[in-house]
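# Okay, here's the prediction I keep looking at, along with the sequence it came from:
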Amino acid sequence: MDYENYIWDLGGTLLDNYESSSHAFAATLWELAERVVLHEEVYNALKISTACAVEKFASDIPNFLVEYKRLEAEVLEKPILFDGAQEVLSTIAAAGRKNFMISHRNNQVLTILSAAKIEPYFTEVVTSDNGFPRKPAPVSIQYLLEKYALDPQKTVMIGDRALDIEAGLAAGVATIFFDSSVSDFSADQKSVSKIKADHTIHGLREML
């Protein structure tokens, strides 16, 4: 795909975190409330958002989010990337093009990228600590467009959720939806079918 600027989501797009996050979520449910939930149901809810999963399974448990995030952070100290992630990022950088990232996580993202050995491929990483509204608000994308004088027609947003695509569309850039739902614990297919991105891929190497 012939773009000059690639704006990436992290979790579920480059970082294969839903599996490990689901285990951390279930473990926290058991630890705090001795509550058992199906792995597939947690996985699908987290695929929508953490807030969705908490509302569905743990809205009545005090301090659940704090404890879950603590346990998840321990798991993410050894991050697992999707197949082809490093190859795609390095190929883009080697071609003189730019990688950016927008994540809802705080500056822990930088630690994750360093541990995964992909931090050098990014021109800038925008985290929640920057203070921008969360996606699907396009503000963080607009910030990158303005700061680096990026041509929207040569810029693409890549993500695995509707909110990533909606943010890209609102900012006037191209969009790539990464649908990794070939797994047994896939997101709701009706939701996936409603995502109207410019391109849909099922593996990151398809971008090459």
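Nice, I can see it. Residues are numbered from 1 along each chain as shown.

# how about this structure, which residue sits the furthest from its center?
No residue in the chain sits farther from the centre than Glu34, which is 29.3 Å out by C-alpha atoms, centre = their mean.

# So what's the residue count around Thr50?
Using other C-beta atoms under 10 Å, Thr50 has 17 neighbouring residues. To be clear about C-beta, it is placed using only N, CA and C from the backbone, and glycine gets the same treatment.

# Got phi/psi on the residue farthest from the centre of the chain?
phi 50, psi 40 (degrees, to the nearest 10).

# Can you give me the pLDDT of it?
On the pLDDT scale, Glu34 is placed at 95.

# Assumed Glu67 was part of a helix.
Yes - according to DSSP: H, G, I helix; E, B strand; the rest coil, Glu67 belongs to a helix.

# Next up, the contacts around it.
By C-beta atoms under 8 Å, 6 or more residues apart in numbering, Glu67 lies in contact with Thr28, Glu31, Leu32.

# between the residues you listed, which is closest to Ser59?
Nearest to Ser59 among those, counting by C-beta to C-beta, is Leu32 at 12.6 Å.

# tell me the SS of the nearest residue to the closest one once chain neighbours are set aside?
Counting by C-beta to C-beta, 6 or more residues apart in numbering, Ile61 is the residue found nearest to Leu32 once chain neighbours are left out, at 5.3 Å. Secondary structure assignment for Ile61 (three-state DSSP): coil.

# Dihedrals phi and psi, Ile61?
Torsion angles, degrees, to the nearest 10, at Ile61: phi -100, psi 110.

# residues contacting it?
Contacts of Ile61 (C-beta under 8 Å, 6+ apart): Leu29, Leu32, Ala33, Arg35.

# What's the separation between it and Val54?
9 Å (C-beta to C-beta, to the nearest Å).

# looking at this protein, which helix or strand does the model trust least?
helix 189-193 (a mean of 53; mean pLDDT, DSSP states H and E).
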